[in-house]
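Novice: Fold the stuff below for me.
(2 chains)
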2 protein chains.
Amino acid sequence: MKIALAQLNYIVGHFEHNTRLMIDALAQAQSRGVDLIVFSELSVCGYPPRDLLEMDHFIDQCEAAVKKIAGHCQGIAAIVGGPSRNAQTFGKRLLNSAFLLSNGAVEEVYHKGLLPTYDVFDEYRYFEPATTFKTILFQGKRIALTICEDLWNLDEPALYRISPMDELIKEKPDLMINISASPFAWSHLADRHFTFSENARKYKLPLFVSNQMGGHTELLFDGKSAAYNSQGGLVGFIDSFKEGIKIFDLEEVAESKVPASVLSLSESEKNDIIYKALVFGIKEYFGKLGLKKAILGLSGGLDSALTLVLAAEALGPENCRAVLLPGPFSSNHSVADAEQLACNLGVPYDIISINETVDALQQSLGPYFKGTPAGIAEENLQARARAVILMGLANKFGYVLLNTSNKSETAVGYGTLYGDMCGGLAVIGDIYKTEAYSLARFINREKEIIPANTIDKPPSAELKPDQRDTDSLPPYEILDDILQKYIEKKMSAAQIAASGHDPELVEKVLRMVNNNEYKRHQTPPILRVSKKAFGSGRKMPLVGRFPE
Amino acid sequence: MKIALAQLNYIVGHFEHNTRLMIDALAQAQSRGVDLIVFSELSVCGYPPRDLLEMDHFIDQCEAAVKKIAGHCQGIAAIVGGPSRNAQTFGKRLLNSAFLLSNGAVEEVYHKGLLPTYDVFDEYRYFEPATTFKTILFQGKRIALTICEDLWNLDEPALYRISPMDELIKEKPDLMINISASPFAWSHLADRHFTFSENARKYKLPLFVSNQMGGHTELLFDGKSAAYNSQGGLVGFIDSFKEGIKIFDLEEVAESKVPASVLSLSESEKNDIIYKALVFGIKEYFGKLGLKKAILGLSGGLDSALTLVLAAEALGPENCRAVLLPGPFSSNHSVADAEQLACNLGVPYDIISINETVDALQQSLGPYFKGTPAGIAEENLQARARAVILMGLANKFGYVLLNTSNKSETAVGYGTLYGDMCGGLAVIGDIYKTEAYSLARFINREKEIIPANTIDKPPSAELKPDQRDTDSLPPYEILDDILQKYIEKKMSAAQIAASGHDPELVEKVLRMVNNNEYKRHQTPPILRVSKKAFGSGRKMPLVGRFPE
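Specialist: Numbers count the residues shown, from 1 in each chain, chains lettered A, B, ... in the order given. Now for the predicted structure:
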C-alpha cells in the first residue's frame, strides 16, 4: 500500500486556498499511484482556528470543504482533519476529527481524545474529548488513526486519564497514522522525534505522521512529517518549513531496519534551525496578510541588526527599509555600524534625526518638567519620537514596522512602551540576548555581515550619556540564566539563588519580570521558537502579587 | 445552624492579605455565634491566579495558607477554596478544591468537577476535573458542597458529561453550599440569579452561595453572595461590589416562603450597575497595584468625558489630571466643552498644544512625505503626538494614562495604534458608543455634569478639517447593532444582512472588525462588563481569513 504524507501550508479560515491545496495534492498523489494520502490536523480550516470555531457558519464551511474534497477521492483515499459537530446530548458542541474519505464520501471518522490545554493550546475551549476509540479499516489494513496529542501520553504520571493507543492496540492494527499540528520550538524537535519513535517502538507498529507546516500568527509549524518503522527508526521525513508530499510504501517502511535514534542539536544546528524558523516566520506573517514591505529603526546595536538580517533574508533587501534615528545621545559608531550593516545587506536606509521632535516635545513639556531631574520620562521621549517617525513612514508607504526587542529585555521591561516596543511583529522576541549573540556569530560564520563592532561593543540604549545596559541590568549571561530558570523552569527565587546566584539580584530580576507584565500585555505577536515564549502561551495576572 | 457568607476582596497571590482577611472574618463570625463561615472559590490565592498555578512554590504557599486558616478554626468551621495537588497517577497536577476546616484541621475536601474553559475561563489549563462526588457532613447536616460551575449545567444539551449535584442529591443532603468566582457582566446577573434559584428549586434544598468580589485585571467580580430557599426564592444577599459578611440561620432560610423571582434590569438599572462596575474597576486596578493618579487626554468628545467622570468618581478629582491637547483641526467648542467638564468635576487640567510637535514631525518627515496627499499618516501623527505628551507627563509624575476608546471604535479599528489606543487601562472599552450615550445621559440625570454639547454634537476625531465619525462609519445605532450581532451572537454576514441591514455595509463592517485584530492585540486591559469583551475572552487569529 502506498501512503503519501502531505505537508501543506494552510491559511486559517481560507477554505478556497486550503481545499485547492488538498485537491491538487490528491491529484498529484493519484498520478503517482498513491492509495492513501494523509493531511494534517484540522487541515480543512488550518490550525489553530481559535474562536472562529465558535461561529456556526465557519463550521458549515469546514463541513462543505470536507464534502468537496471527498468528491475528489475516487480511486484514491484521503485522511483529512476538521471539526465536526458533537451529536451527543452533552459536551462542547464540536469534536476534533479525522475523516477517512474514499469513494467520494466520508467512510470513517475518528475523534481526538486528548485535547492539549496548556501553554499555547486551548483545545478544550472548543472540543469535547472522545472517550471511545476504534481503528479504521482501509484496503484490508487496520489503521490505528490518532490525532496529534493522542500519542503524547507517555509521561509518568500521565497527563490524561486515558491513552487512545492503548485502546486501539487491542484491535491489533497493522499500522499507525497520526495527523498533527505540532508547532515548532527548537528544543521541542527532540521531544517530538522521541515521542513518535517511542510510540512506534512501544506498539511495535510502523507510524506515519502528517504534520502541518506554516506560520500562524505567533506559532510556527515546521512540519517534518515522517514515517517510523516498528523499532522506532526514522525511515523518511519531509524537510522542516517546506511544503511537500512524500510517498512511502507501507511494506518497505514495515520491513525497514533503520534503528531508533536520539535527536540532539549542536549549538550550530540550533542556530541554523532558529534562523530558518525566524526567516520563515517573517515570510509567513507578511505573505499570509498580503504584506510586502518592512521598516525598522536601525540603531547600530545587536537586536535591530539581527532583525534586519532576518527580514532582508525573508522579504528581500529591496522590500526592507532601515531608518537610522540618531538622537542627542547616539554615538558616532552607532550610525556608522548601522550604515555598514545596511550596505552589507543592500537594504536602503535613511537617516532622520529625532532631535527636532524631541526638542519640540521638551518645549511643550518644559513648563511642567521644569525643576525636575532628567530621567526615564526624558529617555522615553526619545524612544517614542523614533516610534512616531517610523510609524509615520509605515502608515504613509505601507510598511510594517518590525519590533526588535529581544526576550531578555522584554522579560525585564527594559524597553519603552509605545517606543521601541512598537511594531506589527516581534521577530526576535523569543530570543534571549545571549542567544542573540550566538545567532549573530552564526550569521557571520562565513563572512562579516553584521559589523563586528555591533557584536563586540557593550550594549546600550543610548538614551542618556554613556549609558550601558549593565548600568541597570546584570551581565546578560547571568540575567538570562535567572530568566530561564524563572520563566521556563518556574523555579522560585530561593531555588534560583541556591543554583548559584546572588539572592538580592534574583529578587530584583524577578521583581522586574513581574512588574512589567503590563508592558508585555501590549506587545506585538512574538515569533515563538522556544517552549515558553511571551504571548498566548504565558498567561499572568497584571494585578496581583507574585510569589518569590 | 448559623452560616456566614464571606464576600471578601482578595488579591491574587497576596497570601498575607488574603489570609488576614479570612482570619479576621473568622474572628468576627465567631463572635457572632456563627457555626460555619463560607469563603469563595480559590479564596486563599484569589481568582484567577492564571499561570501562577504552574509554580510549585505558589502551590506551597496556597497549602500553607489553608493550614494557617485551619489553625484558627476552633469552635467555628470554615469552607475555603484553594488548589490542591492531584494525587492520582494521571491528569493535570492540580485540582480546584474546597476544604472544610474544623477543629484546627482540614476535615473534608471536595474537588470541582465542571471546569469552565470558554470565554475568559481556562480552568482545564490547570485543573483535573473530579469525576466522583460526595457530600460532607457537618454538625449532623449533610452538605452538598460544590464549586461555581458545578451548578451551571442546566442547559440542554448540557455542556458537561456529568452533573455533580445529580450525584450529590442521591445522598439526600440537607442543604447546598456553592463557592464561586463568578465575574460580573451586566446581562449575566439575571443568568446567575436564575441558575442559583433554579438549582435550589430543582433539588428542593436551601442554597448558600459565597462569591468573590474584587477587580482582577480585566475581570470584575461583583459578589452578590446569596441564600436561596428550596423554592428558589432569594432570601438574602450581600450588595454587589461591596465586601461583607452576612449571617443566615439555616432553619430560617429553609422555612422562608420568599417565592422565586426573575431578575431583569431596566435601562436605568443597567446604567447604574455598569457605572458602579466601571468606577469599581478603576478603583481596584489602581488600588491593588498601589497606584493613585490618573491622567487622560480630554478631547471635548463623549468618550474621554465619560472616562474622566468615572475616574474622578473612582480616584477623586484631585487624583485625576486632564490634558487638553488641541491640534491643527481641534474646534473651539472642543476645548470649551473639555474645560467645562473639568470644571464641573473639579479636575485640574492643562492645555498643551500639539502643534509644535506635529510641526517638528512633519518637518523631519517632509522630505519623504513630499508630493504625497495628506491622509491617515498625517492624522496619526497628531494622535501619536498627543500620546507621547501624555505618556511624558505620566512617566514624569507617576500618572497612569487612561485609555478612552469605546467598544465600537475598538471593534472597527477606528483609533490610532500608539496614539489614542495607548493607556494602562481601557475604562470604557467594553461599552458600545450607543451605550456610552445612554450612560452619559444617566450620569446627567440630575444635573449637567457632562456638557450637553459633548453629548449632542456629532462625534469627530478632529484629525482633519470638518471630520465626522460618520464620514467613514455608519451611524452608531446601525454600527452597534451589526457589531453586537457579529461579536456577541456570532452571526454570519448573511444572517446579519437578513436581520435588516444593507449587505454591503455589513461586509464592510465585518471586514473592519477582522482586519483590525492586530490593533486589538496591543490594547491595554479592558474592564469587562459584558458577556463578550475584547480581551482574554475573545481569541482570534491575526493571520487568517475570516468567514463571512
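Novice: okay but residue A:476 is in contact with residue A:434, surely?
Specialist: Yes: the pair residue A:476 and residue A:434 qualifies as a contact (Cβ atoms under 8 Å) at a distance of 5.3 Å. Bear in mind the C-beta positions are built from the backbone N, C-alpha and C, glycine included.
Novice: can you list residues touching both of these two?
Specialist: residue A:408 (Cβ atoms under 8 Å, 6 or more residues apart in numbering or on different chains).
Novice: Which single residue in the stretch 51-200 of chain A comes nearest to chain B?
Specialist: residue A:57 (3.8 Å; Cβ to the nearest Cβ).
Novice: now that residue, what's its secondary structure?
Specialist: Remark: residue A:57 carries the secondary structure label helix [criterion: DSSP: H, G, I helix; E, B strand; the rest coil].
Novice: OK, contacts around it?
Specialist: Taking Cβ under 8 Å, 6+ apart as the test, what residue A:57 contacts is B:492, B:494-495, B:547-548.
Novice: Between those, which sits nearest chain A?
Specialist: Once Cβ to the nearest Cβ is applied, the member of these that ends up nearest chain A is residue B:492, at 3.8 Å.
Novice: now the closest one: how far from residue B:296?
Specialist: 38 Å (Cβ to Cβ, to the nearest Å).
Novice: For those two, work out which one has more neighbours and name it.
Specialist: Neighbour count, other Cβ atoms under 10 Å in any protein chain shown: between residue B:492 and residue B:296, residue B:296 has more, with 25 against 20.
Novice: Report how many residues lie close to residue A:204.
Specialist: When neighbours are defined as other Cβ under 10 Å, residue A:204 has 11 of them.
Novice: Roughly how far does the nearest residue to residue A:501 once chain neighbours are set aside sit from chain B?
Specialist: Computed as Cβ to Cβ, 6 or more residues apart in numbering or on different chains, the closest residue to residue A:501 that is not its neighbour in sequence is residue A:482, at 5.8 Å. Computed as Cβ to the nearest Cβ, to the nearest Å, the residue A:482 to chain B distance reads 15 Å.
Novice: Check what pLDDT residue A:482 gets.
Specialist: With respect to pLDDT, residue A:482 scores 98.
Novice: Just to be sure, it is in a helix?
Specialist: Yes: Residue A:482 sits within a helix when classified using three-state DSSP.
Novice: Let me know the distance separating it from residue A:474.
Specialist: In terms of Cβ to Cβ, residue A:482 sits 8 Å off from residue A:474.
Novice: Same question for residue A:1.
Specialist: From residue A:1 to residue A:474 the distance is 59 Å (Cβ to Cβ).
Novice: Quick one: name the residues of the stretch 401-548 of chain A near chain B.
Specialist: Residues of the stretch 401-548 of chain A lying near chain B by Cβ under 8 Å from any Cβ of the partner chain: A:417-418, A:422, A:424, A:490, A:492, A:494-495, A:518, A:521-525, A:536, A:538-548.
Novice: Can I get the buried ones among those as something I can paste into ChimeraX?
Specialist: The buried residues among these can be selected in ChimeraX (16 or more other Cβ atoms under 10 Å in any protein chain shown) with this line:
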select /A:417,418,422,424,490,492,518,521,522,523,524,525,536,538,539,540,541,542,543,544,545,546,547
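Novice: Give me the neighbour count for residue A:20.
Specialist: Residue A:20: 12 neighbours (other Cβ under 10 Å).
Novice: Ok, residue A:261 next?
Specialist: Neighbours of residue A:261 (other Cβ under 10 Å): 12.
Novice: so who does it touch?
Specialist: Counted by Cβ under 8 Å, 6+ apart, residue A:261 has contacts A:193, A:197, A:233-234.
Novice: Would you mind giving the residues you listed as JSON lines with neighbour count, secondary structure and pLDDT added?
Specialist: Listed next are the contacts of residue A:261 as JSON lines, based on neighbours: other Cβ atoms under 10 Å in any protein chain shown; DSSP: H, G, I helix; E, B strand; the rest coil; pLDDT from 0 to 100:
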{"residue": "A:193", "neighbour count": "21", "secondary structure": "helix", "pLDDT": "98"}
{"residue": "A:197", "neighbour count": "23", "secondary structure": "helix", "pLDDT": "98"}
{"residue": "A:233", "neighbour count": "19", "secondary structure": "strand", "pLDDT": "98"}
{"residue": "A:234", "neighbour count": "20", "secondary structure": "strand", "pLDDT": "98"}
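Novice: how close does the residue of chain A most remote from its centre get to residue B:396?
Specialist: Distance from the centre of chain A peaks at residue A:371, with 47.7 Å (Cα atoms, centre = their mean). To residue B:396, residue A:371 is 11 Å away according to Cβ to Cβ.
Novice: can you check residue A:441 too?
Specialist: 40 Å.
Novice: okay, residue A:1 and residue A:474: which has more neighbours?
Specialist: Ranked by neighbour count (other Cβ under 10 Å), residue A:1 and residue A:474 place residue A:474 first, with 19 against 16.
Novice: So the more buried one, which state does it fall into?
Specialist: Assignment for residue A:474 (three-state DSSP): coil.
Novice: Check it and give its pLDDT.
Specialist: For residue A:474, the pLDDT comes out at 94.
Novice: count of neighbours near the closest residue in space to it that isn't next to it in sequence?
Specialist: Once flanking residues are discounted, residue A:474 sits nearest to residue A:505: 5.9 Å by Cβ to Cβ, 6+ apart. Here the number of neighbours of residue A:505 (other Cβ under 10 Å) works out to 15.
Novice: residues in contact with the host helix or strand of residue A:505?
Specialist: Residue A:505 belongs to helix A:503-515 when assigned by DSSP states H and E. With contact meaning Cβ under 8 Å, 6+ apart, helix A:503-515 is reached by A:411-413, A:474, A:478-479, A:482-483, A:486-487, A:493-494, A:496-497, A:540, A:546, A:548.
Novice: Tell me the buried residues within those.
Specialist: Buried among these by 16+ other Cβ under 10 Å: A:411-413, A:474, A:478-479, A:482-483, A:486-487, A:493, A:496-497, A:540, A:546.
Novice: Residues of the stretch 1-150 of chain A that sit close to chain B?
Specialist: So the stretch 1-150 of chain A meets chain B at A:11-15, A:17, A:46, A:48-52, A:54-58, A:61, A:88-92, A:117-118, A:122, A:124-125 (Cβ under 8 Å from any Cβ).
Novice: Show the buried residues in those residues.
Specialist: So, by 16+ other Cβ under 10 Å, the buried ones in the residues of the stretch 1-150 of chain A next to chain B are A:11-15, A:17, A:46, A:48-52, A:54-55, A:57-58, A:61, A:90-92, A:117-118, A:122, A:124-125.
Novice: residue ranges for the helices of the stretch 301-450 of chain A, please.
Specialist: A:302-315, A:332-345, A:355-369, A:376-397, A:407-412, A:433-443 (DSSP state H, counting those that start in this stretch).
Novice: is chain B contacted by the fourth one?
Specialist: When you say that, I think you mean helix A:376-397. Yes: judged by Cβ under 8 Å from any Cβ, helix A:376-397 comes into contact with chain B through A:376-377, A:380-381, A:384-385, A:387-389, A:391-393, A:395-397.
Novice: between the helices of the stretch 301-450 of chain A, which one is nearest to residue A:158?
Specialist: helix A:407-412 (31.4 Å; Cβ to Cβ).
Novice: mind listing what the residue nearest to residue A:434 when sequence neighbours are not counted touches?
Specialist: Distance criterion Cβ to Cβ, 6+ apart; nearest residue to residue A:434, sequence neighbours excluded, is residue A:480 at 4.6 Å. Applying Cβ under 8 Å, 6+ apart to residue A:480 gives the contacts A:408, A:432-435.
Novice: Can you get me a residue count around residue A:165?
Specialist: Residue A:165: 23 neighbours (other Cβ under 10 Å).
Novice: what are the phi and psi angles of it?
Specialist: phi -60, psi -30 (degrees, to the nearest 10).
Novice: next one: phi and psi at residue A:460?
Specialist: Main-chain torsions, residue A:460, degrees, to the nearest 10: phi -150, psi 140.
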